[in-house]
Structures are given as C-alpha cells and as structure tokens.
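Enquirer: Structure for this input, please:
(4 chains)
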Protein chains: 4
Amino acid sequence: SLLLLSGVLSLLSSYANAGNNGLALTPQMGWNTWNHFGCDISEATILNSAKAMIANNLPQLGYNYVLMDDCWQAPARDPTTGAPVADPQKFPNGIKDLSDQIHNMSLKFGIYSSAGVYTCGGKFGSLGFETIDAQTYAEWGVDYLKYDNCYNEGLAGTPRISFERYANMSRALNATGRPILYSMCNWGEDGPWNFASTIANSWRISGDIYDNFDRYDDRCPCTSMLDCKLAGFHCAMARIIDFAAPLGQKAHQGAWNDLDMLEVGNGGMTFDEYVTHFSFWSILKSPLILGNDITNMTEETLSIITNKAVIALNQDPAGSPASRIWKVPLKGGGDISLWTGSLVNSQWVIAVLNTSPKTVSWDIEFSDVFIDYGKSAQQDSWVLTDLWQKDDSGNWGKNLGTFKGKVKGVKVA
Amino acid sequence: SLLLLSGVLSLLSSYANAGNNGLALTPQMGWNTWNHFGCDISEATILNSAKAMIANNLPQLGYNYVLMDDCWQAPARDPTTGAPVADPQKFPNGIKDLSDQIHNMSLKFGIYSSAGVYTCGGKFGSLGFETIDAQTYAEWGVDYLKYDNCYNEGLAGTPRISFERYANMSRALNATGRPILYSMCNWGEDGPWNFASTIANSWRISGDIYDNFDRYDDRCPCTSMLDCKLAGFHCAMARIIDFAAPLGQKAHQGAWNDLDMLEVGNGGMTFDEYVTHFSFWSILKSPLILGNDITNMTEETLSIITNKAVIALNQDPAGSPASRIWKVPLKGGGDISLWTGSLVNSQWVIAVLNTSPKTVSWDIEFSDVFIDYGKSAQQDSWVLTDLWQKDDSGNWGKNLGTFKGKVKGVKVA
Amino acid sequence: SLLLLSGVLSLLSSYANAGNNGLALTPQMGWNTWNHFGCDISEATILNSAKAMIANNLPQLGYNYVLMDDCWQAPARDPTTGAPVADPQKFPNGIKDLSDQIHNMSLKFGIYSSAGVYTCGGKFGSLGFETIDAQTYAEWGVDYLKYDNCYNEGLAGTPRISFERYANMSRALNATGRPILYSMCNWGEDGPWNFASTIANSWRISGDIYDNFDRYDDRCPCTSMLDCKLAGFHCAMARIIDFAAPLGQKAHQGAWNDLDMLEVGNGGMTFDEYVTHFSFWSILKSPLILGNDITNMTEETLSIITNKAVIALNQDPAGSPASRIWKVPLKGGGDISLWTGSLVNSQWVIAVLNTSPKTVSWDIEFSDVFIDYGKSAQQDSWVLTDLWQKDDSGNWGKNLGTFKGKVKGVKVA
Amino acid sequence: SLLLLSGVLSLLSSYANAGNNGLALTPQMGWNTWNHFGCDISEATILNSAKAMIANNLPQLGYNYVLMDDCWQAPARDPTTGAPVADPQKFPNGIKDLSDQIHNMSLKFGIYSSAGVYTCGGKFGSLGFETIDAQTYAEWGVDYLKYDNCYNEGLAGTPRISFERYANMSRALNATGRPILYSMCNWGEDGPWNFASTIANSWRISGDIYDNFDRYDDRCPCTSMLDCKLAGFHCAMARIIDFAAPLGQKAHQGAWNDLDMLEVGNGGMTFDEYVTHFSFWSILKSPLILGNDITNMTEETLSIITNKAVIALNQDPAGSPASRIWKVPLKGGGDISLWTGSLVNSQWVIAVLNTSPKTVSWDIEFSDVFIDYGKSAQQDSWVLTDLWQKDDSGNWGKNLGTFKGKVKGVKVA
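Expert: Next up is the predicted model:
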C-alpha cells in the first residue's frame, strides 16, 4: 500500500551535492540488458530495445539511459594500444556507431566494465586500464558507466582500499571532460554509502537481485549489509529493501543508493509484488533501471513502470529517501513496516509494507509519520492520496479524504 | 533516581593526563548552535545566545564555551591563500570580531569543521587543509574545535587510518601555540576510546543524538559501538547510555567520552527524562554542551541545567566515569540498571536507571555498589543524599539518612 | 540420498577460466599423505601408496596426483644457496628421484610448503623464499603445490595482505614455465573465494577436517567462514558442508573451493556417513584427495571412492557446484536440506542431506529443484536415477522412473 | 574437580619451538607486583617479596621470576640519551642494583613497559624507543619483559600492524644478546595466537583478570576474544577460561597463551574457586605468575600454589594445553564442561568445570576423553588419580582405582 500525503509544513533541505559531474540530481532512469538478456546481447538487441523504449513513450517519463551490460567485449584488448575492443560479431559496426544511433533517438548510452582483471562474465576488466578505458568510452560517446567488482585481486576489505580502486576510474572519467554518469557496482562492500558520494553518482548496496519477492537464498547469506563479507547474488526483492533500511540517510542529490535493476515484468513475482517492488525502489530513491524485455511487455507491466505519480516520488527534487519508522513481526511469519519520506512542496510519502502471506489491517499514527517534524505536523490535518488508484480523470492518485491524528485500519495485502 | 553517597574510604586515582594541551581537566561545558538552530545561524544567533548565557548566570556554573557549529562558512575558501572564509551574509564582521565579542564577555569561542572534503552540511572541509585552518582559527582567537567526520574519502576502517586523519589536525592545532580544546567527532568509528586520548580532549562515541528517551530508530542501527560500521543518527538518549556502558574505563582527565550534545529543553522528552539525561551525561563525564535555545528557556529546563550538585559530579576532579554494575530486564519491556562511580574526598555516586514504562522498587546492595573496593567499604555505614531533592536551605541535595549494607526499596520512576 | 535427474533443458554456462596455468579444469583428484600418515612419511610410504593406487585402478578413475604433505624437509635449507633440502633419512635418493619414479608410473607428483616462516609441522617455510622454492620444485619435476598458512607473521587480516602473500608464490610458480597446480591452503582466511581465483586452482575454505560426521568441536569455533578469525582444526565433515553452502557461486573451471582431504576409510564414520562425505565433496566440486591408507582398504571403502557415477558429478565439464535450496531444522536435532546443481547435457543433480539421527521422509518439489531455471523446467517430466544403487548391469545408477512436479516421500537415512 | 589419568598409549608430539630465544620451554612461573600492589611499589616491596619467595621454598617449585610491573619509572627519560630512568625515590639504588640483589638470591628479574607512548599507568612508554630500552634492560640484567598495550596511537586493528609493533621490541631484545623472556600483553587484540609465536614466549589472550569467579562485568564486554574490539578489564576468572577454550591449539613449547596473573590469595574467591583457578591455569599451560602478597599468605593459599602434582601438569614437557570436549548448560544457570589434555609418558589430564551454584554428578565417558586418540584408548582400562587429594604419604595425588569405558557419577562442586 502506498499513500501520498499533502500538507502545509515547509520542507527543510540542506543536502550537499558532493559529486562534481552535475549528473543524477535525481536518480537515473533507463533500461539495462543484463536481467533479461545476460551475455546474449548484440547491436540488434540494444537497438530494438531502444526503439521499444520510444514506442512505449518511456523517455517522456524519464527513462532515458540505454545501458549495455557485460559481454560486449572482444576476447582481448587491442594488442598495440591496450584500448578496449568490442566483440566484432556482436557489434560489427562498433560501439561508436551504436552510441550514435542511440543518441539520434535522443537517448543516452551506457557501457559496463569491472574494477578487476576480468569482468564478471570473464571478459577483460579495467583494473590498471582506467585511463585508456575512460578515454575510449568518451570517444565512443558513452554517457554512463556501470562499474562492477569481479576479480578484484583482493583490493577490498577496508573502505580506503575500495575507495581508491573506484576513485581511480572516477578521476579517469572526469579527466575526459565528458559528463559520464558513474554507477559503482561494488555490491555494498566496505560500505560505499560511507565513502562513495564524492566519487560516484550511485553505488550498489547489495548482491544481485533475483526475480523473487522475499525468499531466503544461501547465495545471499548476509543478514545486513553493514559488514557483509559475501554480498553474493540471488537476493530477493524484499531482502534488499531490508538491507536498504538504515542507508537512506547517506544518499542525496547526485549520490544514490542503488538497490539493483528492476525485475518488473520478468515473471517471478505477482502483480502486487511488482507494485511493491517499483514503489519501494521509487521512494528509496534507487535508480530505476528496467531489467525486463521491453520489446515485449504486458499491459500490467506497462501500467506499473509508467505510473507517473510513483515515478514523481523517485524524481522528487528534494532527493530525500524514505525511512523505516517501525517494523513489527506478524504471527505466521513476515512483518509489517511503516516508511515515510519528505518531498518538496510540503508533501510527504507514506508506505506500508506487509511481507506476510495475509492481508492485515493497521492504524497509521501521524505521531509516527512525522516523528522527525515535531508536534504541529503530528497534530495537523492531512489530505491523503492513494497513488495506485486512479482519479476521475483516469490519472494515478485518488484522493482518500482528510485525516487528523491517524488513519484507521489501513488494509495492506 | 540519582543518589550521592558520602563515606570514609580514601580514593585511589592514578590517571595519566595523556593530552598535552592542558585543557579539559574536567569535561568541557558550554552551548552549541546545532541541536536547536542547525544551519540557520548568524552573528546575531550566537551573540544573543552568549548574552543569554550570562543573563542566566550559566558561566558561574561552568558553562563557558560558545560553540558555532556547521554552516558558518562561505561557499568557498579564499582562492588565493586557501584559507577558510566565513559566510559574509551571516557574519558581516567576520569571525575574529565575533570571537572578540565573545571573549569580551569572558566566554570562550569554538568553531566547527570536518575531517573530510566537505562538512556534513556540504561546506568546504579541512581534509588536506589542516595547517592553514588551524592557523586561521588561532588568528581568529578560537578556543575550541569540533571536528566532524563527513565525506572522509574512505579514510576509516582501521584505528591507524582514523588516528592519522585526526592526529593531523591535532598536530596542526598544537603547532599554533594557542591552546585549543580539540573535540573529535568521528562518531565512535574504529574505537576512538582506544586511540584518541593522546591527540584529543574528547571523542564522540556514537551517531548523533535526537530528542527522544529510548525509541529504536533504524537510522542508528548498531546494537553496540564496539565494531559499528554505520554510526548513523537519530540515536535516542537511553541508547547512547547503553553504548557508553563499557567505555568509561577509557576516559580520564583531559580525555573524555562525548555522548553528544544535550537535548534538555528541546521538547522531545518529559521533565523526568531530561533529569535522567542530564544526570547520566554528568556521571559518565560527558562534556555538558547545551543544545537548546538558551534565549528562551522554561523554569523546568533551567532547574535541570543549573543543578550545582549534579554538575559537581561531572566536574569532580577525580574524573572517573561511573560504571554499570548490573542491568536486569523488566517484565513488560525495558530494564533497570545500577551505576556507581568514585569521586574525590571519599564520596561515591550511585545512579539507578529504569527504562521501563513503570515505576519499580528495588534494593541496592552495598556489596554491588562497592564491588571494586573490597569488603570494608561494602560493610560500612554510608550517608546518602538525593541530589534532585532540595535541603532545608533550598539547595540541591537532601540527606536521606545513614544506611548499612543496603538501601531497601529504592523507587525509580 | 543422492539422485541424478535427466531432462531436456539446455544448459547456460559462461564461467571464465580466470587461472592461467590451464590446470584443474575439473577438480583435481589424488591421494595425500597427511590424514593417515601425518609427519611419519618416507620415500617408501609414498611409493607404496602410488603402487597401491595403480593396483586398485584408481588412475583410470581420475586419481592421478600423489601428494607428499608436510615433514619431507631437512632441518634446514642449503646454507649456501638457500634452496630447500629434503630429509636425507626419509628420502635418501632425493625428491627428484622420487618424482621420476612417480612419473614413471604415469602419475603426477605434488609437494607441500607453507606461506610462513615455518610449516605447520615446524619445518622451514617458504615466506621470502618463493622464487628459489618454485624453481627447485620445477627442477624436481613437481606437478602440484599445497601451500599452507602457519607462522605467517601476521600477514593476514585483509584480503589484500593475504592475496599478496599467496600471489607471490603463484607468480614464482608461473615463472618456472612448468605447469604446477597451485592449491592454496589458507583455511578460508580473508575469504579466498573472493580473491584467489586469478592466482590459484583451489583454496581451502575452512580449518582442517577430522574424521567425524557432525560433532561440534571448540577447536573449530566459527559458525560461518565468511568472517572467521580462527579457522582452527577438528572441523567435522557436515560442518564443512555447512561452511561451503554460500560459496559455490565463487568456484568455476580452474578455480575450486577445497573442502579439505577425504577421510573416507579412516574409520571415524559409518559407511552411510562416508557415502554422504564423498557425495557432497563431489557435487560441491571439491578436489577429491584421498586421505586414507590406500595400501590397505576395505571393500566398503573401495566401493565408495570408485563410484564412477558420483565421480562423474565431480568431474562434470560444466564445473558448477551444487547450491543449497533450503534447510529445515528437524525435531530432536539436526536438519534436512536440499541441494541441486546443473550438469552438462541438460542433466541436474539433486542431493538431500539429513543430519538428524532419524530417517525422515520428504517430498521434493521440482519448483524448488529448478528455482533458478523457470517454470518450464519446473513443470516438465524428469527421469530420476539413484547413483548409489546399481542398475541391471551392475553399474552405479539405477533408474527410478519418470516424475512430474515432485518426488513424493523421499526417504533419507 | 581435577583428575589425572595414567595409561599405556604412546604420545604423539610434534610441536615446533618457533621462538628463537630458547626460553619458556614450559610456561614461565614467578611473582608480579601488579595484582596486589599496583603502582605502590619500591625496591623494598620487591626485595621483601623475593625473600618471601625463598622463605616459602617457591623457587624449588619453579617460581623463579620476580617481576616488577608498571610505575617503576621516573617522570621522564634521560633528556640527553633518551634512555629509560627509574623513579629515584622508589629505587634510590637503581634497577641494576635491584637486579643484582635478585640474581644473588638465584632468582630472575623482570621489568615492564608498554608498546605505546605511555604505559597504562601514565609513565613513558617504549614505542619508538625499542632499541635503547632493550639495551638498557640488558645492561640492567633484566631476564623478562612484560610489554603492555596502552596508548598505542591506533597501531592495532589488523594482525600485521600489531605484529610489527610487537616484533620491533622482539628484535631489539634479541639484538642485545641477552636471553630475555618476552611476554606480550596486547590483551588478545588482532589474535596474537595467530601471529605471535615467532616473536614472543607468551601473549595475553584477554583483558585484565579481577579477583572474582564468574561475574559478568560490562568493562569486559566481549563474549569471545576471536574478534574483540575492547578487551577491557574486570574479566572474571571463569570468563577467561571460556575465552581460552578454542586457543589451546595455538600454543606450544616456548609460545604460550597467557590467561593473566593469578589472583589466588587475594581474597575475592573461595578456596574451591581458587583451586579451580590454579588448576585451569595449569592445564591450559598459562604462565603461573603469582599476584598475591607473598609476604603474608594463609595456609590455604600456600597449599594451592605449592601443589606439586598440579604444577607438574603445567610444566609437563609435552607442552600441550587441554581442550574443552563438551560444555552443557545446567538448569538454574552456569554450565558443566569436560576438558582433557595429553601429557608425556602416556598420561592424560581430565578436568571437569562446574560454574553453576550447585554440586552436580556426571558420568565421564572415555569415548569423550580420548576423542582424538582412537578406539583402543577409548576402550582401555585407566588408573585415575585425584590430584587435589593426598595419598598415604601425604603427597598430592590419591589413586582412585582402575576404570574402564567410563567413570560414573563424578561429583563436581
């Protein structure tokens, strides 16, 4: 259940934009090849998806990055110059040509590499090649780099070691003069929320997501990311939300917690679960990077990823991630939690998450919602809007009425 | 409930004053802009508060530092010299003039910066600028530096890395020749109680306090500070007491555990809760830095912060923080704990903390109180004084009588 | 209980062979002196065992490494050259001669040292002698190095420190030009699964095994190896399986998790327990290094270690370790867990582990088995084979029939 | 309850004496000033205690080190040479004279310093002064150095950093040419059991002991020493035994786990508790350093510390610490645990520890006692001796008879 609250308090906002490339003032949006296509990509895969983005009017909603993930590389770098080379079978016209075509569609183009000797897919990595790789990316017209963590030769374990490894690429990107959004993907190792905001626009906070609501998987073994030594993968969606709970305080304009790419539309969750997935990625200010096959979407999938009201939460100029106010375990397993976040123009977002198998009914107290904002806010009257219902004009966001002190009996499936 | 015990044993005290600036032989006292005003400060805010300190006779009680926290800075350093520059709107007469005015009131003046590339409020930080910043502070007549931890570029994770970053400013301050109290604010990262006593006069032990008695908040996620990887903020008062329990052993004259600034008078706790707050900050030998609006205090607030008997516990020359002797969980939530500490002149302090919602009645055994001092102390008779009741002359500290072996049925709200 | 599943899905496999010596494309197999003989070894011990390997037709099954563990060394290195010297009493003809004899039997020869100033048995170690030791090993015709972790002078504690210490020997081995399988034995310290795949062919994940099914021993004190500070020894077999559960994701061709040498045949477990031991080492793609006295084996022992169908799981070209899908605690202690792994040719392995003292009956759902492979695999029909029963021709692997959706009531002793 | 078991198995023992000063082939024994006198020491204190050692025939039992702990120092080093200087009031004749007098009594003399800028008592420390301090100690005729950990400037947090700091003094001591027993006192930080055996003869494993059986104290906050970030002090005796349980595997001849100095005779425990204290320090091969006032001992105290049979366990040439085989919680609090260790000449020690307030009766199974030694030992007959009862000649060690398979109903107070 996701509600939007509208009121009269003025908003305090004093975030520093610590990054220096001027990008990602709100979380980046786009599409990435990996979750659906994995290593099985080519020029055609990417161009077809770019065209599907336009056909579905996604750029107008903010989805403007087309991101080519791992396995675009040739077996080896150029033996003379050391420059990266694309797989000539998959990309017969080269990356520059692909990038130009993307740009001609008024979209932006992103690439992938790893801060290691190999990428996760076993291709050549960028460790020790930061300068030439950044220069080549700039020459190719790249607008975005996702930078992974495989085969890092033990260059992890303290924040300083991880910082230096990722800062080397940050400096190289900045040195090109081309604004390139820098998306760190070190899986939360060594706490990037503590050190990455001056070098990157976003940082992954966990191991890879998989298309599942809340199943525990041994391959994602940590119970918290604060000092996790094996981020792993196969992290269910609701577990990543749990990991993100204490971290919102560390994100701000130009520097975001990345909860990993979206699984909406890939088939492993129900419609309601995907609604929850998209809602929480939005209010936690995660980048919204589609991971499904956008050339072949159901109406349900499209209805989720095009909800303008929810996207507006993610792109709110205040850039303030929602916080979890309380979490209560439920009989029979799972728990219910209340999340709130402030927005511009004296608005707030409230979200209630229920991970149990049953629908529950709960009172939402304004003394909880406005715990950070004092008694006048807590005692005021508020207009509530449900962003997943439609108003009379057919737009997302139905007015639920005016409430004072509390909202009784909120039902959460 | 807080009791003071008077007896006959001689006091053993062999603390080394390991600092070398001769300051903070007892915990520093004063007022700081942050908890009430945040970034919204100016010359007027600070001078008005200084005047209010005098009008309320606070300096006579020991409150002599006026501390200007974050957001005093101009957007950038002096482009030629690299020296720090104050915001010309907020401080049209400059910091030196402000400092002079503070000194003319016989008060001392403190400033703020961060051991990072930015301050927490996004202003320029001091990392790499330690020498010129310390010199400028000395020229401005600064007596105190609060030195924060934001945007530290991954320079944390081992005690040595944190030590070096903070020692650089310590050396720079000492090199100025001006005695400047050095208040480390690294939020307990890497265990400053283990390494900071030779470089600083106090060190924060946790994330930021907020004005709440004992609410759990996800934004202060660690259950202990001994190896916490995300100190966070929104740490309730009683949680900070819990964090401090094992750390008293590491503090001594000139080197104190800082439990963060006081919230007394800011409105988020009841009178009794603020009494507990002030009492524990005193007996744990935390700096007593007021964080409320001292230009506008209630009688209740004033009565707490001006309790001479409790302040005397904090300023006791022995400088020995109280220890928690036991903690017992109570049915229905919360727990009760006994704390004791030795003072000069054969006196001891006893405090009993009850974090449950109900009043409890408990026997206090002298065998517990004097666990560290042998059987003669445990079996002796002791005169007890309640420091939150007043004697016949209207001064804090009412004689409760003489007790032997135990005090039966102490009621703690 | 161990079952092999045969079906129609095509296998996705994109592992990088990150090693550069071309060895251990499947987990190494062989025999090692330590578990049975400890320090009590000589030329005769080793040659007799090599002959027994041949007499028992073990090389035809893949067991081709004869590994000489600790205590082969003379009291000191050559005082002039610093080169390693063998104990002249134990090895009167020298190591080169021993190696030649092993090679003449068409077997391969391995040696042992430690990345410290001493070996665990107190002999000279290789720390600081990597180059001369690797060169000498190559001159002696060594094909395999087990490299231990004792007396490492504090060169552990961060991945980088451990990586560098072990990479030094990796580089020295590669520099000899002789392909030498490099088996890291740092007991899982600092997470070798995160850093070792580019320098070694396998890495131990825990302290030393001992010949016991699942007894807890204080000398193997960690409950997980993800951040264990004392790997210890006396780790029971089932505890090592538990340690391995999250780590399969990090192994691939040429780079394996080493669960330590086999205890099959040493007498501390029952036949069924040794069957479990051998089965799990196989499906988790651990090296299969015999640790018993192969000159004197029972029929039971021989029947376990020569099960071709189970060995084939270990040597499957896909090199994909099985994952634990779920673990459920059982009343009365112990738990039951389901493990599955993909093989080449559209086959899968399923294993069910029961560590309780009682036989249990359980339904195996294909939706669990194929959790990673989508709904078509989950709903398909599968032919099941029990690899520990024999078919009509007397070969391991009895067809159990065709199943759809689930296998009901699997009994696991 | 402590029993000694005599039998027929031959003992396997292959420990490396990794130290290079030839000292402490069995754990050191002696007396230290700190536990009883603290900083209140002088030449007279030490000489009187040395004379009392002789008067009580302690040297014949092995107690031969007279150890002067902290607070022997003058306020400052020699301003010209930087050499350490003794307090001229406390030691008017200097340390060399004191050392000579100790040596003239055929005793050995030990001194104290800290691997920091100050000692724990606030005197000058040895960090950066290792060479001149070691040389001066050697000139003074020092035989033993206890080297503490206070004020270490953040030089801790990884094994390598701690190793280097302590190795610096080890090298300096070795360079003097005088054999000086090196007793590391870094409180178990960074796991000295993993790195110290090549540089020191013993290493403390925990914070300071206090004279109490098993009380929990917040000032000793860790539940295990494997990754403890605040060793603290006020660690009760039984908690240190618990800390030591997994560590015996790391000690051997010349390299011992130090459980801290003895409290026997200081009055905080009962006779039975002190018997347990002394027994476990013995079988865990801790140094046996008396910490009471040996000029004034009761018969009870003397009877404990002069039990030759128990001392012989500590000084057994095999040097193999006992291991905890099992620990079982008892109703009403506390637990019972079985410990066994091998000795020379086919003997074993068995100890049963009961930390509950009640006497319990328990069967001791030989299959547990000989868990490491195979079935023949487990099924053999064994002669048992109770080392805290006296035989007919009045010597410690009463024959309890011959037992097979188990000892039924052992009563443990």
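
Enquirer: From A:P357, how far out is the closest residue in space to A:K358 that isn't next to it in sequence?
Expert: Spatially, and ignoring its direct neighbours in sequence, A:K358 is nearest to A:G332 (6.7 Å; CB to CB, 6 or more residues apart in numbering or on different chains). The way it works is simple: take the backbone N, C-alpha and C, and place the C-beta from them, glycine included. A:G332 sits 7 Å away from A:P357, going by CB to CB, to the nearest Å.

Enquirer: same question, A:P59
Expert: From A:P59 across to A:P357, the span is 38 Å (CB to CB).

Enquirer: Tell me which of those two has more neighbours.
Expert: A count of neighbours by other CB atoms under 10 Å in any protein chain shown puts A:P59 above the other of A:P59 and A:P357, at 18 against 10.

Enquirer: Let me see the contact set for that one.
Expert: A:M53, A:S106, A:L107 (CB atoms under 8 Å, 6 or more residues apart in numbering or on different chains).

Enquirer: Check A:V360 too.
Expert: For A:V360, the contacting residues are A:L330, A:I336, A:N354, A:K411, A:V412, by CB under 8 Å, 6+ apart.

Enquirer: please redo it, this time with the cut-off set to 10 Å
Expert: For A:V360, the contact set (CB atoms under 10 Å, 6 or more residues apart in numbering or on different chains) comprises A:328, A:330-331, A:334-336, A:352, A:354, A:409-413.

Enquirer: Please apply the same query to A:F129.
Expert: With the criterion set at CB under 10 Å, 6+ apart, A:F129 makes contact with A:R77, A:G82, A:A83, A:P84, A:S113, A:V117, A:T136, A:M169, A:A172.

Enquirer: Out of those, which end up buried?
Expert: For the contacts of A:F129, a burial check counting by 16 or more other CB atoms under 10 Å in any protein chain shown picks out A:R77, A:P84, A:S113, A:V117, A:T136, A:M169, A:A172.

Enquirer: The closest residue to chain B within the stretch 101-250 of chain A in helix, strand or coil?
Expert: For the stretch 101-250 of chain A and chain B, the shortest gap (CB to the nearest CB) falls at A:F163, measuring 2.9 Å. Using DSSP: H, G, I helix; E, B strand; the rest coil, the structure places A:F163 in helix.

Enquirer: count of residues packed around it?
Expert: A:F163 has 25 neighbouring residues, counting by other CB under 10 Å.

Enquirer: And for stretch A:93-108, what's in contact with it?
Expert: Residues outside stretch A:93-108 that contact it (CB under 10 Å, 6+ apart): A:28, A:30-31, A:42-43, A:46-47, A:50-51, A:53-54, A:58-59, A:63-68, A:72-73, A:84-88, A:91, A:109-111, A:136-137, A:139-144, A:180-181.

Enquirer: If any of those residues are buried, put those into a ChimeraX selection.
Expert: Buried residues among the contacts of stretch A:93-108 (16+ other CB under 10 Å), as a ChimeraX selection:
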select /A:28,30,31,42,43,46,50,53,58,59,63,64,65,66,67,68,72,73,84,85,86,87,91,109,110,111,136,137,140,141,142,143,144,180,181
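
Enquirer: Can you name the residues that contact the closest residue to chain D within the stretch 1-150 of chain A?
Expert: As assessed by CB to the nearest CB, chain D sits closest to A:N149 within the stretch 1-150 of chain A, at 21.6 Å. Contacts for A:N149 (CB under 10 Å, 6+ apart) come out as A:114-116, A:119-120, A:125, A:155-156, A:162, A:165-166, A:184-189, A:204, A:231, C:194.

Enquirer: Starting from C:G188, give me the distance back to whatever residue of the stretch 201-350 of chain A ends up closest to chain D.
Expert: Nearest to chain D in the stretch 201-350 of chain A, going by CB to the nearest CB, is A:D227, at a distance of 10.7 Å. Going from A:D227 to C:G188 by CB to CB gives 17 Å.
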